[in-house]
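Chemist: Build me a model:
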Amino acid sequence: MTVAVRRSSPLASPPAQEIVEMFVARNPERGSEARRLGRTAAAILDALVKLPAERRGELTADPKAIRELVRKVADRTVESPSSTDARSLAGEGLAAPLVAAEAGRRLDAYAKPTPVEDWAGPVAGSTVLERDYGIARSTLHQWQQQGAVIGLLKGTRHHSFPLAQFIDGRPVEGVRDVLHLIGSPRTAWLWLMEPHPELDDRAPLEVLKAGGLREVRDLAARDYGQP
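Modeler: Numbers count the residues shown, from 1 in each chain. From the prediction side, this is the model:
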């Protein structure tokens, strides 16, 4: 009898922008620094996931080793390699594990509700868009159904629409492509607004407005692992 061997699927790290979004949500008053730390954390996690399974197993079996490695790299940015004392790189280790109830209590204490305007920029609902920008509700609804505009849930039912995605009362060309590739409206908008190193630190939305549809679309596909 032949026994089929099921191969496990390869590990995949979360999209970088999801990690950045988490850092920004936890630290809304320190947006730029939080975004930089989020990108750094995402890069470290991505590198760890892509290691050979044996090496990855060695590191994850001893989390102190990862701390030690990161601290060593950080020290090398301010010291010459010859002056770094490896004995000073030992990590402090992990604290005792928390029970679920205590972990939830601490998370609730840290979590702070953040108004959508604080991280998304100026937004408006359908009433304001129709009154001040001439975008009919039916048209806006159709665009949203088609994925041509990004609507951010505000409360439990209503959506707000970032104003920066509109030019002359129409969606910026390419927003549809980015939303299709990334999936989450919130993550897609954060990605569009965040300066990107491969775009000379310009925001993807800025490049879209300048006509760089293909460049932005290819970059979004690469960042979010799409073919």
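Chemist: residues of stretch 183-193 that come out buried?
Modeler: Neighbour-count burial for stretch 183-193 flags 184-193 (criterion: 16 or more other C-beta atoms under 10 Å). C-betas here are computed from N, CA, C, even on glycine.
Chemist: per-residue pLDDT, residue 3?
Modeler: The confidence metric pLDDT takes the value 49 at residue 3.
Chemist: Kindly reformat the buried residues of stretch 183-193 as JSON lines containing distance to residue 120 and pLDDT.
Modeler: Rendered in JSON lines, the data for the buried residues of stretch 183-193 read as follows (distance: C-beta to C-beta, whole Å; pLDDT from 0 to 100):
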{"residue": "184", "distance to residue 120": "13", "pLDDT": "90"}
{"residue": "185", "distance to residue 120": "10", "pLDDT": "94"}
{"residue": "186", "distance to residue 120": "8", "pLDDT": "92"}
{"residue": "187", "distance to residue 120": "12", "pLDDT": "92"}
{"residue": "188", "distance to residue 120": "11", "pLDDT": "94"}
{"residue": "189", "distance to residue 120": "6", "pLDDT": "95"}
{"residue": "190", "distance to residue 120": "8", "pLDDT": "93"}
{"residue": "191", "distance to residue 120": "12", "pLDDT": "94"}
{"residue": "192", "distance to residue 120": "10", "pLDDT": "95"}
{"residue": "193", "distance to residue 120": "8", "pLDDT": "93"}
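Chemist: Restricted to helices, list those.
Modeler: When helices are assigned by DSSP state H, the members of the buried residues of stretch 183-193 inside them are 185-193.
Chemist: ok, which pair from the residues you listed is furthest apart?
Modeler: 185 and 193 (12.5 Å; C-beta to C-beta).
Chemist: sorry, back to before: looking at the buried residues of stretch 183-193, which one is closest to residue 121?
Modeler: Taking C-beta to C-beta as the measure, residue 121 lies nearest residue 193 of the buried residues of stretch 183-193, at 6.8 Å.
Chemist: With adjacent residues omitted, what lies nearest to residue 151?
Modeler: Nearest in space to residue 151, with sequence neighbours left out and distances taken as C-beta to C-beta, 6 or more residues apart in numbering, is residue 159 at 3.6 Å.
Chemist: so which of the buried residues of stretch 183-193 comes closest to residue 37?
Modeler: Comparing the buried residues of stretch 183-193 against residue 37 with C-beta to C-beta picks out residue 190 as the nearest, at 14.6 Å.
Chemist: residues in contact with the closest one?
Modeler: For residue 190, the residues meeting the contact criterion (C-beta atoms under 8 Å, 6 or more residues apart in numbering) are 17, 20-21, 24, 119.
Chemist: Would you mind measuring from residue 175 to residue 114?
Modeler: Taking C-beta to C-beta, to the nearest Å as the criterion, residue 175 is separated from residue 114 by 23 Å.
Chemist: how close does the closest residue to residue 41 other than its chain neighbours sit to residue 222?
Modeler: Leaving aside its chain neighbours, residue 41 sits nearest to residue 19 (5.5 Å; criterion: C-beta to C-beta, 6+ apart). In this view, residue 19 and residue 222 are 16 Å apart by C-beta to C-beta.
Chemist: Of those two, give the one with the bigger neighbour count.
Modeler: It is residue 19, of residue 19 and residue 222, that has more neighbours when counted by other C-beta atoms under 10 Å, with 21 against 11.
Chemist: The top strand by length along the chain pairs with which strands?
Modeler: When the chain is parsed with DSSP state E, its longest strand is strand 158-162. Taking DSSP bridges as the criterion, strand 158-162 forms sheet pairs with strand 123-124 (antiparallel), strand 152-154 (antiparallel).
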